[in-house]
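Asks: Provided below are the primary sequence and the corresponding predicted coordinates.
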Amino acid sequence: MDISSMRAYIRAVVEIDSSDIPNDVLNRFLGEGYDQVVYSEKRWPWYEVAIDFDTVGGTSDYTLAVVGAAETVGLREVAALRSSSRIVQYIGRDEGDANWPQNTASNGEPAWWSFWADSVRFYPTPSSAQKIYVRGFKNPTAFGAGTGDNVSPSDFPEPFHIVIATYGIARAYEQQEDPTMAAQYFSIFNAELDTLRARHLDTPAPQPLTLNLNRLNSNMGMPSRLRYSWE
């Protein structure tokens, strides 16, 4: 659903027209619903990105804007870092600063990193320019106020569109001074969002457990059933 389809759906359900609630107001309601969905989870899978950036010799701190410069909308969170030769391990800022004090020279290939105040700090300080590969979560694209009529909510799969529209229905009823219907649709919005969250954030199923595997012949697994000592 694009934003104009959402507005039409809201007006059909609430039985209003543009003289009751202008397009701009409904767009802002839909923007609120979009933000409610976006920020209900930190790690929606469709925000996952893999990018890279270059360090500068003698510089240990890099803002999130610098780390995520290759991503058009910027990074919201860093998940993992690696160089061309190693995985850069995460470490707490206090422990990192204690082991590699900033007032002493400790340059080399980054082996650890910490995150504080929207900045990545490497330990030891990079001694030269080096490419760092980043896995993280990008920022959401703006949706709502100022959105073109043919624009759909960015990144989110189609089932989320009706949920955002349902939030708009709740706000429209609220604006029309019908708190009972507003509360009912807020409840529907939360229930539908919980269902979609469970569907899209499901933990991957573990691999089957294999015991006594012969590493020299991977085709040799367990027998058809366990054998007991008295058999």
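Replies: Ah, there it is.
Asks: Just checking the distance from stretch 133-144 to the centre of its chain.
Replies: Averaging C-alpha positions (CA atoms, centre = their mean, to the nearest Å) puts stretch 133-144 7 Å from its chain's average.
Asks: Can I get it in CSV? Just the C-alpha atoms.
Replies: Only the C-alpha atoms of stretch 133-144 are listed here, as CSV (Å, rounded to 0.1, in the frame of the first residue of the first chain):
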residue,chain,number,x,y,z
TYR,A,133,34.3,-4.3,7.0
VAL,A,134,31.1,-3.4,8.9
ARG,A,135,27.9,-5.4,9.6
GLY,A,136,25.2,-3.3,11.1
PHE,A,137,21.7,-1.9,10.9
LYS,A,138,20.9,1.1,8.8
ASN,A,139,18.6,4.0,9.7
PRO,A,140,15.0,3.9,8.5
THR,A,141,13.9,6.0,5.6
ALA,A,142,11.5,8.8,6.5
PHE,A,143,7.8,8.1,5.9
GLY,A,144,4.7,10.3,6.7
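Asks: How about that stretch, which residues are buried there?
Replies: Buried residues in stretch 133-144, defined by neighbour count with 16 or more other CB atoms under 10 Å: 134, 136, 137, 138, 139, 140, 143, 144. To be clear about C-beta, it is placed using only N, CA and C from the backbone, and glycine gets the same treatment.
Asks: In JSON lines, list those residues along with pLDDT.
Replies: Written out in JSON lines, the entries for the buried residues of stretch 133-144 read as follows (pLDDT from 0 to 100):
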{"residue": "134", "pLDDT": "98"}
{"residue": "136", "pLDDT": "95"}
{"residue": "137", "pLDDT": "95"}
{"residue": "138", "pLDDT": "95"}
{"residue": "139", "pLDDT": "93"}
{"residue": "140", "pLDDT": "93"}
{"residue": "143", "pLDDT": "95"}
{"residue": "144", "pLDDT": "95"}
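Asks: was I right about residue 66 contacting residue 53?
Replies: Yes: with contact defined as CB atoms under 8 Å, residue 66 reaches residue 53; the gap is 6.4 Å.
Asks: re the thing from before, tell me the one among the buried residues of stretch 133-144 nearest to residue 38.
Replies: Each of these was checked against residue 38 using CB to CB; the closest is residue 140, at 4.6 Å.
Asks: Now the helix or strand harbouring residue 76: average pLDDT?
Replies: Per DSSP states H and E: residue 76 is located in strand 75-82. For strand 75-82, the mean per-residue pLDDT is 95.
Asks: Quick one: list the elements packing against the helix or strand following that strand.
Replies: Towards the C-terminus, the helix or strand next in line after strand 75-82, according to DSSP H and E, is strand 87-90. Contacting strand 87-90 under the criterion 3 or more CB pairs under 8 Å, 6 or more residues apart in numbering; DSSP states H and E are the following elements: strand 75-82, strand 112-116.
Asks: Run me through the strand neighbours of the last one, direction for each.
Replies: With DSSP bridges as the test, strand 112-116 is paired with strand 87-90 (parallel), strand 119-123 (antiparallel).
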